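Novice: Got a sequence here, can you model it:
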Amino acid sequence: MPETIVINGQHIDRGEKVLTKLVISKLPSGTVIEIPIYVFRSVHDGPVVLVMAGMHGDEVNGTEIIRRMLSKKMLYPLKGTIIAVPVLNIYGFLNFSREVPDGKDVNRSFPGNRDGSLASRVAYRFMKEVVPYIDYGLDYHTGGSSRANYPQIRCVLGDYRNEELAKAFAAPFILNAPYRQGSLRKESGKLGKSILVYETGESLRFDEKGINLGIEGTCRVLHHLGMMANYTPATEESVVCMKDVWLRAKNAGLWRSFIKLGDQVKKNQYIGSITDPYGEMEVRLNSPATGYVVGLNNMPVVNQGDALMHIAF
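Specialist: Sure, this is the predicted structure:
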């Protein structure tokens, strides 16, 4: 752990607890856009852990996880340093949007470019100011619009650090998730930083169960690293899934699922249907694999090719 951390030009020494605001840009109105970053440092040597949310501005469950932990003063480490970022994509948060105003996804823009698009500039500043200091990270996400995710950890299994932290977090499901081009996880991995993604619920909706599991899992990870004394032991062992598949709509129409999030399904099991609005057509949908439903589209009106159900196995 470094003696001094410098973020946004502010020197933060051991034992300090600081809120700094990383200036990104200005709105056309002249309003300054800043990313609040909380830094909690122990005097005792230890790892540096990042907890962050709001990479996509409409994914609020992670923001609520960090907010509750901040309000209850749960992020003061016994050793090491915790860096907390409740909302990375301030633009999207203000506009209930996944993207920044230029329409780009911040999590497909890493490592970023100082002179690039707005999303690229956000990614660049974060990579330069925060990522070099961290050893581990928890990045909280949700499903997309109307698509809910069952609480799950995503990481590259086969890396012992990822496996160790994922088991410590003990979400209901652990998914082997290869790196995606332009993601924070991939670019941090190149630097030897281990970042896990926690997914729960859907965008613009609080998922109380997933929020509570996220807080408990975060505490278990911090306890595992020797940074927190109190934690809630997991009551069930995680289900580890090495592969996954999406069931997609073969026809446009009205989608009905007969399966709930978290359910186990069998290959070729009748799991839902798509009908037209007039009662003249009905298409039965069968499961493409035996596994667990970790993602589900809650939108009743779907187009051909839409993702309906995410099955992991």
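
Novice: any idea how far residue 247 is from residue 97?
Specialist: For residue 97, the distance to residue 247 (CB to CB, to the nearest Å) stands at 27 Å. (Glycine included, C-beta is placed from N, CA and C.)

Novice: cool, and residue 92?
Specialist: Distance of residue 92 to residue 247, given as CB to CB: 28 Å.

Novice: Confirm residue 92 sits in a helix?
Specialist: Yes: assessed with DSSP: H, G, I helix; E, B strand; the rest coil, residue 92 lies in a helix.

Novice: Can you give me the neighbour number for it?
Specialist: 24 (other CB atoms under 10 Å).

Novice: give me phi/psi at residue 249?
Specialist: Reported as degrees, to the nearest 10, the phi and psi values for residue 249 are phi -70, psi 130.

Novice: need the contact list for it.
Specialist: Going by CB atoms under 8 Å, 6 or more residues apart in numbering, residue 249 touches 255, 274, 302-306, 308.

Novice: With residue 274 instead?
Specialist: Contacts of residue 274 (CB under 8 Å, 6+ apart): 249-256, 282-283, 285, 302.

Novice: quick one on the thing from earlier: which of residue 97 and residue 247 has more residues huddled nearby?
Specialist: For residue 97 versus residue 247, neighbours defined as other CB under 10 Å are more numerous around residue 247 (25 against 17).

Novice: if we can go back for a sec, adding secondary structure, write the contacts of residue 249 out as TSV.
Specialist: Shown next, in TSV, are these (three-state DSSP):
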residue	secondary structure
255	strand
274	strand
302	strand
303	coil
304	coil
305	coil
306	coil
308	strand
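
Novice: Which ChimeraX command selects the buried ones in those residues?
Specialist: To isolate the buried members of these in ChimeraX, using 16 or more other CB atoms under 10 Å:
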select :255,274,302,306,308
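
Novice: What are the structural domain limits within the protein?
Specialist: Split into domains by automatic domain parsing, the chain comes to 4-239, 243-312.

Novice: Tell me which of those domains sits most buried.
Specialist: domain 4-239 (a mean of 19; mean count of other CB atoms under 10 Å).

Novice: what separates it from the chain centre, distance-wise?
Specialist: Centroid separation for domain 4-239 versus its chain: 7 Å, with CA atoms, centre = their mean, to the nearest Å.

Novice: tell me the mean pLDDT for that domain?
Specialist: Per-residue pLDDT over domain 4-239 has a mean of 95.

Novice: Report how far apart the opening and closing residues of it are.
Specialist: Distance across domain 4-239, first residue to last, is 40 Å (CA to CA, to the nearest Å).

Novice: Quick check: residue 113 touching residue 124?
Specialist: Yes: Residue 113 lies in contact with residue 124 (CB atoms under 8 Å); the separation is 5.7 Å.
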